[in-house]
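> Mind looking at a prediction? Sequence and model below.
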Amino acid sequence: MSLENASPELQLAVDLIYLLECNEIDPTTALAALDIVRQDYQEKIQRAGITSPYLPAGQ
C-alpha cells in the first residue's frame, strides 16, 4: 500500500515518527510528549462534543 493512499491518521503518524527520529528525540521523551498531546486533543474533542472511537471508554 502506498502512503499516499493510506488513511490520514497513518500519514500523520509516519510524519510524526520521521520528525521525532530526524531530531533524535529520546523514545521515552517522545512517548511522554505524545501522552500530553493525546490528553490535550481528547479534551478538545470532549469540549466540542465530538464522539470519537479514539477516546477511552466512558469519555
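Nice, thanks for sending it over.
> Low-confidence ranges, this structure, go.
For the chain, the stretches with pLDDT under 70 are 1, 55-59.
> could you redo the last one with a cut-off of 90?
1-4, 46, 49-59 (pLDDT under 90).
> Please enumerate the helices of this structure.
8-22, 27-48 (DSSP state H).
> Compare those and give me the one nearest Ser2.
Ser2 lies closest to helix 8-22 among the helices of the chain, at 10.5 Å (Cβ to Cβ). No exception for glycine: its C-beta is placed from N, CA and C like everyone else's.
> and the angle from that closest one to helix 27-48?
Interaxial angle of helix 8-22 relative to helix 27-48 (axes from the mean of the first three to the mean of the last three Cα atoms, to 10 degrees): 150 degrees.
> Can you give me the buried ones in helix 8-22?
Buried residues in helix 8-22, counted by 16 or more other Cβ atoms under 10 Å: Leu20.
> starting at the chain centroid, how far to it?
9 Å (Cα atoms, centre = their mean, to the nearest Å).
> Tabulate the CA atom coordinates of it in CSV.
Presented in CSV, the C-alpha positions along helix 8-22 are these (Å, rounded to 0.1, in the frame of the first residue of the first chain):
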residue,chain,number,x,y,z
PRO,A,8,-4.9,10.5,7.2
GLU,A,9,-4.0,9.3,10.7
LEU,A,10,-1.5,6.8,9.3
GLN,A,11,0.1,9.5,7.1
LEU,A,12,0.3,11.8,10.2
ALA,A,13,1.8,9.1,12.3
VAL,A,14,4.5,8.5,9.7
ASP,A,15,5.3,12.2,9.6
LEU,A,16,5.5,12.4,13.4
ILE,A,17,7.8,9.4,13.6
TYR,A,18,10.0,10.9,10.9
LEU,A,19,10.1,14.3,12.7
LEU,A,20,11.0,12.6,16.1
GLU,A,21,13.6,10.4,14.6
CYS,A,22,15.3,13.1,12.5
